[in-house]
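Asker: this is a predicted model, with the sequence first.
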Amino acid sequence: MPVVVLLCALVFDLLFLTNAALDYSGPRGVDFELLPGIFAMAACALWARRRAAVAAAAGSVALVFFTFFIHYLHAPAYSSVLPYLSITEVVAGVELVYYAARRARPGVAFAMITALVVGALTSVFGRSPYGHLTDTSLVQAMLFGVVLLGTAVLIGTAGRTRTGPREQRLRRIRRLNELVRGQWPMIGLLAFALLVEFAFTYGSGARGFPILLCSLAAAVIAVLSPRRPAAAVLGVAGVLMLSTLVTPFLRLGTDYQLLGGVAAAQVVAGLGVVINLVRAVPLARAWTRIATLSAVVAVAAVVNSVRTHTPQLQMRPEALSPLAIIAVLLLGIAIAIGLFLRSRDSERSQVMKSAVTDAQTAERMALARELHDVVAHHVTGIVVQAQAARMVGEKTPQLAVDAMGRIEDAGVEALAAMRRLVRSMRGDAPSGSTEFSEQATTDLAADLKRLVESGSHGVPTSLSLDLPPDLPHEVGRSALRLIQESLTNVGKHAAGVTEALVRAEVVGKELHIRVMDDGREQVDRPAGGSGGYGLVGMRERVALLHGRLTTGRGPDGGWRVEAWLPLEANGDEDE
């Protein structure tokens, strides 16, 4: 997200400076002299992802250096949120503060943030063509500067707080990823709209600050709307009503108005919550809340179409017709997108359920055939021989001894059949299979140690086990296959990997498996290609045991596979 916001700000500055440099106001091309400082701050913000303290120090030096550069070359610095600082410089400065507060040691972070504040103040005052600021500009600079600084420090400090076990933090990160996943178009539009509103807020003075706060609140509600979409629509409607009521008293003109009297970010937020509502709730249940939001937008358009500069308030009907058409068009587009996403989610869910059901049915049928045709045959022979031995044992002991030998042979054959059954259920030639991979004992710990010691995946692997001796065999067999496939994928797909970690432990009534590595995604196609069936097979195995499986990038990079396999039947098996 910081990179996306920074790139949006950089694109905005490039377009703005190009237009200013090529117009006929002043010397042509002189505005391009601001670009070195803008690119330098953007580079420092990107560098802060790896070296936060060093990048913050470089950013403060860049602000001071390019302030002298601009001052002595008489380059026309333009103002955005802060006087005489471009949008990119403001965004980069906020990100430098955020990364310093999050990743640097407290003392170093305080020093670097102080240096950034000094550099920003030097730029604000040093780039002024008259060497000083007006009272209004000074108040604006202090107000917005304190808000941006405090917000960046608070968010960065909250990000470095480590409360609770590691599993709890990972669950929070996964929830955040699930929340943001799929909403990148809306988040990008919100970021761009908020950047534009920041620029308008500076031009209107402190009077535009209430509307900016309303836009920020609407954007946050829109991003969080997938959790509670119905409540989010009412929340955005309330923010829009508040913004509508205060706008006429702020005398902001038409800079904030995209649809009637509604600010740009609030329009995007309204469209986003409608899309998420229609996606999660049937349209027959969602129309009341959509109508409420539409009524608030209509009220905003009517209220802001009143001419306040005349002694008597007058309506402007000629302005309402096009606004109504635009509003209905945007609402229809939002509903159509929501219905499309709802249909796609339903289709994906049905495909996944059908695939899992088919895999379960196929494996159950294969198991039933093997048990009936092979194993039951040998077990039946054992039972018959045992009955015969019991009947003749008292009269002819020698016949009983001979029967015991035949029972032993049948048992050996039954055991061999069971092993063949296990091998057939594991597949004739699974990915990365070896002679060992097709054999499974009743000791999962020993099997995992042999798997790691064999090193067939080619990656040094650490093993951490906490397993009971009475682990169910079907659970242990599935766990061994999951770990083997995960390590095979590490060796096949991870680039630059130096170590893998395998952990298996019993937590409550579940076997918890975790396989992690420190590699990165491979750019080139792996040798031999990738069939794409590895993860599908893992999900099928976990689904057959009614367990859970999660895969994806870890918070520190690398790939992570986690599975939870129940140790006991959950009572929903087929009869």
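Answerer: Great, that's in hand.
Asker: tell me which stretches of the stretch 351-500 of the chain form helices.
Answerer: Shown for the stretch 351-500 of the chain, the helices assigned by DSSP state H, counting those that start in this stretch span residues 376-392, 397-425, 444-454, 473-493.
Asker: tell me, how many residues neighbour residue 121?
Answerer: Neighbours of residue 121 under the rule other CB atoms under 10 Å: 15. Placement of C-beta: from N, CA and C, glycine included.
Asker: pLDDT at it, what is it?
Answerer: Confidence at residue 121, expressed as pLDDT, is 80.
Asker: tell me what the helix or strand hosting it is packed against?
Answerer: Assigning secondary structure by DSSP states H and E places residue 121 in helix 106-126. Other elements packing on helix 106-126 under the criterion 3 or more CB pairs under 8 Å, 6 or more residues apart in numbering; DSSP states H and E are helix 52-73, helix 87-103, helix 135-160.
Asker: give me the buried positions along it.
Answerer: For helix 106-126, the neighbour count (16 or more other CB atoms under 10 Å) marks 108-109, 111-113, 115-116, 119-120, 122-126 as buried.
Asker: export those residues to TSV and tack on distance to residue 61?
Answerer: Below are the buried residues of helix 106-126 laid out as TSV (distance: CB to CB, whole Å):
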residue	distance to residue 61
108	16
109	17
111	13
112	11
113	14
115	8
116	10
119	7
120	13
122	11
123	12
124	16
125	17
126	14
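Asker: which one of those is nearest residue 562?
Answerer: Of all the buried residues of helix 106-126, residue 562 sits closest to residue 109, with 33.0 Å by CB to CB.
Asker: residue 53 is in contact with the closest one, correct?
Answerer: Yes. The pair residue 109 / residue 53 is scored as a contact, 7.4 Å apart, by CB atoms under 8 Å.
Asker: give the residues shared as contacts by those two.
Answerer: residue 100 (CB atoms under 8 Å, 6 or more residues apart in numbering).
Asker: thinking again about what came up before, most tightly surrounded among the helices of the stretch 351-500 of the chain?
Answerer: Compared across these, helix 473-493 shows the largest average neighbour count, a mean of 21 (mean count of other CB atoms under 10 Å).
Asker: so where do the strands sit in the chain?
Answerer: Taking DSSP state E as the criterion, the chain contains strands spanning 461-466, 494-495, 500-507, 510-517, 520-521, 548-553, 559-566.
Asker: could you point out which of these sits nearest residue 63?
Answerer: Across the strands of the chain, closest to residue 63 is strand 520-521 (CB to CB), at 33.1 Å.
Asker: and residue 50, what's its pLDDT?
Answerer: Reported pLDDT for residue 50: 85.
Asker: quick one: pLDDT of the residue nearest the centre of the chain?
Answerer: Nearest residue to the geometric centre of the chain (CA atoms, centre = their mean): residue 177, 2.2 Å. With respect to pLDDT, residue 177 scores 70.
Asker: can you check the one 10 residues further on too?
Answerer: Reported pLDDT at residue 187 in the predicted model: 84.
Asker: residue ranges of each domain in the protein, please.
Answerer: 1-161, 167-315, 351-425, 444-566 (automatic domain parsing).
Asker: low-confidence regions, the stretch 101-250 of the chain specifically.
Answerer: 129-140, 159-176, 180-181, 199, 201-207, 249-250 (pLDDT under 70).
Asker: can you report how many residues neighbour residue 220?
Answerer: When neighbours are counted by other CB under 10 Å, residue 220 registers 15.
Asker: enumerate the beta-bridge partners assigned to the nearest residue to residue 547 once chain neighbours are set aside.
Answerer: Residue nearest to residue 547 in three dimensions, not counting chain neighbours: residue 565, with 4.3 Å by CB to CB, 6 or more residues apart in numbering. With DSSP bridges applied, residue 565 shows beta-bridge pairing to residue 511.
Asker: make 2 the starting number, not 1.
Answerer: Sure, I'll start counting at 2 from here, so that last one is residue 566.
Asker: sorry, back to before: mean pLDDT lowest for which of the domains of the chain?
Answerer: Lowest mean pLDDT within the domains of the chain: domain 352-426, at a mean of 69.
Asker: residue 541: neighbour count?
Answerer: 18.
Asker: surely it touches residue 360?
Answerer: Yes. In this structure, residue 541 is within contact of residue 360 by CB under 8 Å, at 4.1 Å.
Asker: how close does the residue of the chain positioned farthest from its centre sit to residue 511?
Answerer: Within the chain, the residue lying farthest from the chain centre (CA atoms, centre = their mean) is residue 396, at 76.8 Å. Look at residue 396 and residue 511: by CB to CB, to the nearest Å, they are 54 Å apart.
Asker: again with residue 473
Answerer: 12 Å.
Asker: do residue 247 as well
Answerer: 54 Å.
Asker: of those two, which one has the most company?
Answerer: residue 511 (17 against 14).
Asker: what number of residues lie near the closest residue to that one other than its chain neighbours?
Answerer: Once flanking residues are discounted, residue 511 sits nearest to residue 565: 4.7 Å by CB to CB, 6+ apart. Neighbourhood size, residue 565 [other CB under 10 Å]: 18.
Asker: again with residue 225
Answerer: 16.
Asker: that one against residue 237, yeah?
Answerer: No. Counting by CB under 8 Å, residue 225 does not reach residue 237; the two are 10.8 Å apart.
Asker: the domains of the chain: which one's closest to residue 343?
Answerer: Closest among these, using CB to CB: domain 168-316, at 4.8 Å.
Asker: hmm, residue 78 and residue 71 touching each other?
Answerer: Yes. Using CB under 8 Å, residue 71 is in contact with residue 78, at 5.4 Å.
Asker: next up, the contacts around residue 153.
Answerer: With CB under 8 Å, 6+ apart, residue 153 has these contacts: 95, 96, 98, 99, 102.
Asker: against residue 101, how distant is residue 111?
Answerer: Applying CB to CB to residue 111 and residue 101 gives a distance of 9 Å.
Asker: for the domains of the chain, which one sits closest to residue 342?
Answerer: Per CB to CB, nearest to residue 342 of the domains of the chain: domain 168-316, 4.5 Å.
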